[in-house]
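Q: 3D, please:
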Amino acid sequence: MSSKKITTENMRVRMAPSPTGPLHIGTARTALFNFLFAKKYNAKFILRTEDTDKERSRPEYEEGIINGLHWLGIDWDEGPDKGGPFKPYRQSQRIEIYKKYIEKLLVEKNAYWCFCSQEEIEAFKQERLSMGKPPIYKCHCSEMTEQEMLEKQKTKKEIGAIRFKTPKIEVTFFDLIRGKITYDASLFGDMVIAKNLDEPLYNFACVVDDFEMEITHVIRGEDHISNTPKQILLALALEIESPKFLHLPLILGPDKAKLSKRHGTITSIEDYKKQGYLPEALINFIAFLGWNPGGKEEIFLMDALEKDFSIEKIQKSGAIFNAQKLDFLNGYFIRKMPLEKLTELCLPYLIEAGLINRGEEEVSKIASIVALYQERLKKLSEISDLIDFFFKENLEYEKNLLTWKGAGESEILSHLTIC
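A: You can find the predicted model right below:
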């Protein structure tokens, strides 16, 4: 199997989301950095779908990811919706490609069939833990003869998995942000790379795809650092070249733990859209989650990000998610928006709240009301609560709000009548 030489003249980056849920803000941040890298360094940006998880992957999630990225203003050169010279761009459609590489590892004894049950594996790991040792599974299936393996295949109803025979060596790679990183591969154990010939797992499939699609730079989150040495070992065994790696800092909650729903933070881009956040604000916000231009300027549209972006300005430390900063940015872009466009974006919220019917109110009337609150809006969904009293015949209010010191009821009523 011949190796393809990676050159800096034809740089290619990729974004590889799993369609197992809505577009996450962390995934959107990774997509943005790949997009900006491609724009800055004249590289090709590829979108591929890692949908080998048959139980959780859904076409509607893939559609939501693609639509969400487009809504944010992020586009790509090749992908499942566009095609390209390295199609198909869905892993579920690339099974025959993976099979060829799995068989190569099996033939060359760099991988083997594992027939161990899940119960055996778990019992062994628990025993290791009770002895204060790392739960690295020692599989003896690699020592079976070919005849023993055939007998096992006959007696077992289900073939357990295919394991990679991990070399017991140190793996060193250079991260474009963090510098030299070294791992002791003896601590990995023999990792499972496929359930069978037709069901490859993540670490194996992405190594093959990155090579086949001639990816030169892998830009992804810091949580993937531990996968990198495993992928490098697989590439070595397959006699193919690994891409360069760049791992973005984690997005952290206010408590400096990895951002999750327990922080009470919205994590889905679709939910941000429903709440009335603007794509310009979200792009500006997530760009600063791990990147800093070095000046005092905080407002960046996409064209400015493309111009100022560089990997040298990406930080190593975790990026704190500041919801107040996002609200500030969203309010800024709302204030800068033409009133006609803002009114148009506010109408669905007023309709949903039952304040107006479709086509019932004149846009000019709604616009004059929206204009009164444009300076106060932080997100579009707030408009209904702010202006609902304009559409109600009977208002409930505290009586003392309309009184002033020394004035009687008749005097107050007289003034209100005049007004």
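
Q: so how far is Tyr137 from Gly189?
A: With distances defined as CB to CB, to the nearest Å, the gap from Gly189 to Tyr137 amounts to 5 Å. C-beta here means a position set from N, CA and C on the backbone, and glycine is covered the same way.

Q: ranges for the strands of the chain?
A: All strands of the chain, identified by DSSP state E, fall at 12-15, 44-47, 111-114, 161-164, 170-175, 179-184, 192-196, 199-200, 217-221, 244-248, 251-252, 319-320.

Q: other SSEs contacting the third one?
A: I take that to be strand 111-114. Under the contact criterion of 3 or more CB pairs under 8 Å, 6 or more residues apart in numbering; DSSP states H and E, the helices and strands touching strand 111-114 comprise helix 95-107, helix 146-155, strand 161-164.

Q: Go through these and name the closest to Thr20.
A: Distances from Thr20 to each of the helices and strands packed on strand 111-114 were compared using CB to CB; the shortest belongs to helix 95-107, at 18.3 Å.

Q: Compute the inter-axis angle for the closest one and strand 192-196.
A: If you take axes from the mean of the first three to the mean of the last three CA atoms, to 10 degrees, helix 95-107 sits at 120 degrees to strand 192-196.

Q: residues of helix 95-107 that come out buried?
A: In terms of neighbour count (16 or more other CB atoms under 10 Å), helix 95-107 has its buried residues at Tyr98, Tyr101, Ile102, Leu105.

Q: And for stretch 51-65?
A: By 16+ other CB under 10 Å, the buried positions in stretch 51-65 come out as Asp51, Thr52, Ser57, Tyr61, Glu62, Gly64, Ile65.

Q: now swap in stretch 40-53 and tell me
A: With burial defined by 16+ other CB under 10 Å, the residues of stretch 40-53 counted as buried are Ala43, Lys44, Phe45, Ile46, Leu47, Arg48, Thr49, Glu50, Asp51, Thr52.

Q: Tell me what the residue nearest to Lys195 when sequence neighbours are not counted is bridged to.
A: Here the nearest residue to Lys195 in space, its sequence neighbours aside, is Ala161; by CB to CB, 6 or more residues apart in numbering that works out to 5.7 Å. The residues paired with Ala161 through beta bridges, assigned by DSSP bridges, are Cys114.

Q: rank the helices and strands packed on strand 111-114 by pLDDT, which is bottom?
A: Considering these one by one, the lowest average pLDDT is found for helix 146-155, at a mean of 70.

Q: For Ala149, which residues are in contact?
A: I think there's a mix-up here, since residue 149 is Met and not Ala. If you count contacts by CB atoms under 8 Å, 6 or more residues apart in numbering, Met149 has them with Trp113, Cys141.

Q: give me the low-pLDDT residue ranges for the stretch 151-300 of the chain?
A: Applying pLDDT under 70 to the predicted model, the residue ranges of the stretch 151-300 of the chain that meet it are 153-159, 261, 263-264.

Q: ok, now the stretch 301-419 of the chain?
A: 358-362, 394-402, 405-406, 412, 415-419.

Q: Show me the helices in it, by range?
A: Under the criterion DSSP state H, counting those that start in this stretch, the stretch 301-419 of the chain carries helices at the ranges 302-308, 323-336, 339-352, 363-373, 383-387, 409-418.

Q: now the shortest one: how far from the chain's centre is it?
A: Taking the mean of its C-alpha atoms, helix 383-387 sits 32 Å from the chain's own mean (CA atoms, centre = their mean, to the nearest Å).

Q: packing partners for that helix?
A: Helix 383-387 makes packing contacts with helix 339-352, helix 363-373 when contacts are defined by 3+ CB pairs under 8 Å, 6+ apart.

Q: Could you rerun that using 6 Å?
A: helix 339-352 (3 or more CB pairs under 6 Å, 6 or more residues apart in numbering; DSSP states H and E).

Q: check contacts around Ala367.
A: Going by CB atoms under 6 Å, 6 or more residues apart in numbering, Ala367 touches Leu339, Thr343.

Q: how near is it to Leu32?
A: 33 Å.

Q: now do Tyr98
A: 29 Å.

Q: ok, now Ser414?
A: Summarising the geometry, the distance separating Ser414 from Leu32, computed by CB to CB, is 60 Å.

Q: These two: which has the busier surroundings?
A: Leu32 (24 against 12; other CB atoms under 10 Å).

Q: Tell me the spacing between that one and Val13.
A: Look at Leu32 and Val13: by CB to CB, they are 12 Å apart.

Q: One more: Leu105?
A: 27 Å.

Q: neighbours of Ile266, just the number please.
A: Residues near Ile266, counting by other CB under 10 Å: 16.

Q: Please state the backbone phi and psi of it?
A: Dihedral angles of Ile266 (phi, psi; degrees, to the nearest 10) stand at phi -60, psi 130.

Q: contacting residues for it?
A: Contacts for Ile266 (CB under 6 Å, 6+ apart) come out as Tyr272.
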